[in-house]
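[1] Build me a model:
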Amino acid sequence: MTAQASEPRIIEAPVVHQQVLPDLRVELQKGRHRIPLSTGGYVEAVRKGPVGPSWATVVLIHGFAQKRYTYHLPGWSMTGWLASQGVDTWNIEMRGIGRSAAHSRLTRTIDTYVQKDFPDLVEHIARTVGRPIFVIGHSLGAFTLYAGAPSVRRWLRGGIGIAGLIQFGQKRMVFEALQRLWPVVPGVVDRGLHLPTQPPAWMLGTAPFTQLLDSRAWSASPVRFWHPGTMDRQRLKWWLRNGFAPAPLGVFRQLASSAGAGRFTSFDGRVDYLDRWQRQADPLPTLIVTPDRDAFISPGDARATFEQTPGNDKEFQVIGESHGGHHWGHVDIIHGDDAPEYVWPVLLDWLQRHA
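    Residues are numbered from 1 along each chain as shown. Prediction:
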């Protein structure tokens with residue numbers, strides 16, 4: 001398959017009515033799909049598309065310790081909104097996460113995502129729809145896109161990285177803390193240990209904690225998932241209580257060691273993912289979008305990734321105070337109150353120009 005102009009495709013799935021925003025209810029087609037993995041097992045995807053032809057197919061990949069709720073919450077759904085605009089969306093839950101946990105085990109390193117699962121799901125979906133596809137990745141999902149794209153370039157039309165990186169632009173306090181932690185946690189990869197993030201996240205979703213985390217007093221914390229005051233409180237609580245997944249400690253360790261080295265490599269150090277990204281023979285059209293006050297991936301990190309992205313068909317945008325009159329964080333760039341007005345259309349416009 002070569003990257004040619006997208007043609008309309010009809011989705012065969014039940015027609016449903018979904019509330020995608022408080023004031024927007026749409027008719028779309030929705031179904032669940034299992035995607036086989038070459039290492040055994042499956043991952044699950046929720047597929048949504050228009051009633052009628054779609055003009056593009058987009059695969060959405062969540063970040064570390066997250067689920068499909070990165071892109072969809074009840075009554076607040078970026079995937080549903082994109083589907084209402086004519087896009088065939090596949091919202092993936094990676095191995096061992098959410099619904100995929102019934103069919104596959106958690107990864108022990110990032111390498112399994114990049115070298116095995118990402119190529120499997122991209123090729124499977126592209127073959128299923130009969131055309132090259134787009135990928136949107138958030139946070140670690142964006143890194144998976146950057147690191148995995150070169151091996152499946154023929155199946156891809158373009159990629160959008162949101163709040164993600166493949167090149168560090170500056171040191172981050174969170175990653176530095178992880179580096180200091182690992183000497184006291186030996187063997188985490190071999191044992192396949194993971195951090196159960198759901199119980200503490202559920203606790204943070206209760207009123208006293210949510211009120212504290214959403215206050216200005218918390219805005220200076222090095223660990224904050226959203227910029228205070230940018231998300232409806234009930235939506236925020238729902239995401240905290242339902243959006244988190246187990247966090248493999250081996251992935252934590254790989255993130256920490258890569259931050260220390262200043263570049264991402266495979267766990268054994270044999271594959272330099274930045275070098276692979278830079279050496280693409282046919283550079284992938286890429287949009288990089290980043291919030292201005294992300295505690296995990298700074299605009300400097302995103303800018304460094306943009307500068308190391310090959311080719312001329314690349315764009316970079318910081319979402320900041322000029323978008324709604326406030327700062328933006330790691331999660332509210334998708335689920336923030338103003339995201340449907342200032343962020344989602346940016347993604348849609350880029351997709352339309354590259355379809």
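
[2] what ranges do the strands span in the stretch 251-355 of the chain?
    Using DSSP state E, counting those that start in this stretch, the strands found in the stretch 251-355 of the chain span residues 286-291, 314-319.

[3] Note down every partner strand of the last one and its orientation.
    So that's strand 314-319. Within its sheet, strand 314-319 is paired with strand 286-291 (parallel), according to DSSP bridges.

[4] can you dump the C-alpha coordinates of the strand it pairs with into PDB?
    The C-alpha trace of strand 286-291 is given here as PDB (Å, rounded to 0.1, in the frame of the first residue of the first chain):
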ATOM      1  CA  THR A 286       3.800  15.700  11.600                       C
ATOM      2  CA  LEU A 287       1.900  18.100  13.800                       C
ATOM      3  CA  ILE A 288       3.300  18.700  17.300                       C
ATOM      4  CA  VAL A 289       0.900  20.400  19.800                       C
ATOM      5  CA  THR A 290       1.900  21.200  23.300                       C
ATOM      6  CA  PRO A 291       0.400  23.000  26.300                       C
END
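
[5] buried stuff in it?
    Across strand 286-291, burial judged by 16 or more other C-beta atoms under 10 Å covers Thr286, Leu287, Ile288, Val289, Thr290, Pro291. (Glycine included, C-beta is placed from N, CA and C.)

[6] Reformat these as TSV; add pLDDT and distance to Arg353.
    Listed next are those as TSV, based on pLDDT from 0 to 100; distance: C-beta to C-beta, whole Å:
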residue	pLDDT	distance to Arg353
Thr286	98	13
Leu287	98	10
Ile288	98	15
Val289	98	15
Thr290	98	20
Pro291	98	22
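
[7] For His17, name its beta-bridge partners.
    Under the criterion DSSP bridges, His17 forms beta bridges with Glu27.

[8] and the nearest residue to Phe168 once chain neighbours are set aside, how many residues sit next to it?
    Using C-beta to C-beta, 6 or more residues apart in numbering and skipping the chain neighbours, the partner closest in space to Phe168 is Gly262 (5.4 Å). By the criterion of other C-beta atoms under 10 Å, Gly262 has 12 neighbours.

[9] what do you get for Asp268?
    By other C-beta under 10 Å, 8 other residues sit near Asp268.

[10] how about the helices in the stretch 51-200 of the chain?
    Per DSSP state H, counting those that start in this stretch, the stretch 51-200 of the chain has helices spanning 78-84, 110-111, 118-129, 140-148, 173-181, 188-191, 198-204. These are given in chain order.

[11] sorry, back to before: format the strands of the stretch 251-355 of the chain as JSON lines; extra columns: distance to Gln352.
    JSON lines is the format used below for the strands of the stretch 251-355 of the chain (distance: least, C-beta to C-beta, whole Å):
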{"stretch": "strand 286-291", "distance to Gln352": "12"}
{"stretch": "strand 314-319", "distance to Gln352": "13"}
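
[12] ok, Pro291 - contacts?
    For Pro291, the contacting residues are Ala163, His227, Pro299, Val318, Ile319, Gly320, His327, Trp328, Gly329, His330, Asp332, Ile333, by C-beta atoms under 8 Å, 6 or more residues apart in numbering.

[13] From Leu193, how far out is the closest residue to the last one other than its chain neighbours?
    Looking back up the chat, that one is Ile333. When the adjacent residues along the chain are set aside, Ile333 lies closest to Pro291, with 4.5 Å between them (C-beta to C-beta, 6+ apart). Applying C-beta to C-beta, to the nearest Å, the value for Pro291 to Leu193 is 31 Å.

[14] so Leu212 touches Trp218, yeah?
    Yes - judged on C-beta atoms under 8 Å, Leu212 makes contact with Trp218 at a distance of 6.1 Å.

[15] the more surrounded of those two?
    Residue environment comparison for Leu212 versus Trp218 gives the larger neighbour count to Trp218, 15 against 12, counting by other C-beta under 10 Å.

[16] With Pro208 as the reference, measure out to that one.
    Distance of Trp218 to Pro208, computed by C-beta to C-beta: 13 Å.

[17] Same question for Leu21.
    Remark: distance between Leu21 and Pro208 (C-beta to C-beta) = 29 Å.

[18] Pipe the helices of the stretch 51-200 of the chain into JSON lines and attach mean pLDDT and distance to Leu236 per row.
    As requested, the helices of the stretch 51-200 of the chain are arranged in JSON lines below (pLDDT from 0 to 100; distance: least, C-beta to C-beta, whole Å):
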{"stretch": "helix 78-84", "mean pLDDT": "98", "distance to Leu236": "16"}
{"stretch": "helix 110-111", "mean pLDDT": "96", "distance to Leu236": "28"}
{"stretch": "helix 118-129", "mean pLDDT": "97", "distance to Leu236": "30"}
{"stretch": "helix 140-148", "mean pLDDT": "97", "distance to Leu236": "21"}
{"stretch": "helix 173-181", "mean pLDDT": "56", "distance to Leu236": "20"}
{"stretch": "helix 188-191", "mean pLDDT": "56", "distance to Leu236": "31"}
{"stretch": "helix 198-204", "mean pLDDT": "89", "distance to Leu236": "10"}
